[in-house]
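In: Got a sequence here, can you build the structure:
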Amino acid sequence: MNEEMFVGTTVAEHTEMYIKAIWHLIERGEQCRINSIAKMLSIRAPSVIQMLKKLSEQDLLVYNKNGIKLTESGQKVGATMIRNSRLLEVMMESVLNVKINEEMVCGIEHHMKKQFTDALCTMLNHPRKCPHDHEIPIDECCQK
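Out: Numbers count the residues shown, from 1 in each chain. Next up, the predicted model:
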């Protein structure tokens, strides 16, 4: 069996990071503002504005003077990213007994396929909260 090499797309990872940042702000009950996203991602506000326009064109969010809101498609991407990262955190802490490394989690979460995530969730007995006491979005595997 040959090993395959895979190079992820930076564009997809940037999209996911923006949506994840928006998800976090909404989850915290904070106003989802350009400066909040810029601070969370350690980038400048003009870059955020440019990306929000792109994500709006892709129907992942609604961006206007009233604020920023994830569309149904954006919610799905966000839930997937949050689920991936929080399941990885549970695995690191409770199975591997290693300190949670957010950089490592962020590097892996973008490359997890649904089959892997569902298998990980099942192996972990469908945890509802991550070690930081945040909700883990459920999926079909949790409802069986």
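In: Please, which helix or strand holds the residue most central in space within the chain?
Out: Most central residue of the chain, judged by C-alpha distance to the mean C-alpha position with Cα atoms, centre = their mean, is Met81 at 2.6 Å. When elements are assigned from DSSP states H and E, Met81 belongs to helix 72-90.
In: Likewise for Glu13?
Out: With elements taken from DSSP H and E, the one containing Glu13 is helix 10-27.
In: Kindly report the same for Tyr63.
Out: Remark: Tyr63 resides in strand 61-64, with elements defined by DSSP H and E.
In: partners of the next helix or strand after that strand, with directions?
Out: Counting by DSSP H and E, the next helix or strand C-terminal to strand 61-64 is strand 67-70. Strand 67-70 sits in its sheet next to strand 61-64 (antiparallel), going by DSSP bridges.
In: picking that back up, would you mind listing the buried residues in the helix holding Met81?
Out: By neighbour count on 16 or more other Cβ atoms under 10 Å, the buried set for helix 72-90 is 74-75, 77-90. The way it works is simple: take the backbone N, C-alpha and C, and place the C-beta from them, glycine included.
In: With stretch 36-54 instead?
Out: 36-38, 40-41, 43, 48, 51-52.
In: for the closest residue to Glu140 other than its chain neighbours, what are its contacts?
Out: Nearest in space to Glu140, with sequence neighbours left out and distances taken as Cβ to Cβ, 6 or more residues apart in numbering, is Asp118 at 7.4 Å. Under the criterion of Cβ atoms under 8 Å, 6 or more residues apart in numbering, the contact partners of Asp118 comprise 139-141.
In: Filter those residues down to the buried ones.
Out: Applying a neighbour-count criterion of 16+ other Cβ under 10 Å, no member of the contacts of Asp118 counts as buried.
In: need those in TSV with pLDDT and secondary structure, can you?
Out: As requested, those are exported to TSV (pLDDT from 0 to 100; DSSP: H, G, I helix; E, B strand; the rest coil):
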residue	pLDDT	secondary structure
Asp139	92	coil
Glu140	91	helix
Cys141	93	helix
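In: Leu52: which element?
Out: Element membership of Leu52, judged by DSSP H and E, is helix 45-57.
In: Run through the neighbouring helices and strands of that helix.
Out: Secondary structure elements in contact with helix 45-57, counted by 3 or more Cβ pairs under 8 Å, 6 or more residues apart in numbering; DSSP states H and E, are helix 10-27, helix 34-41, strand 61-64.
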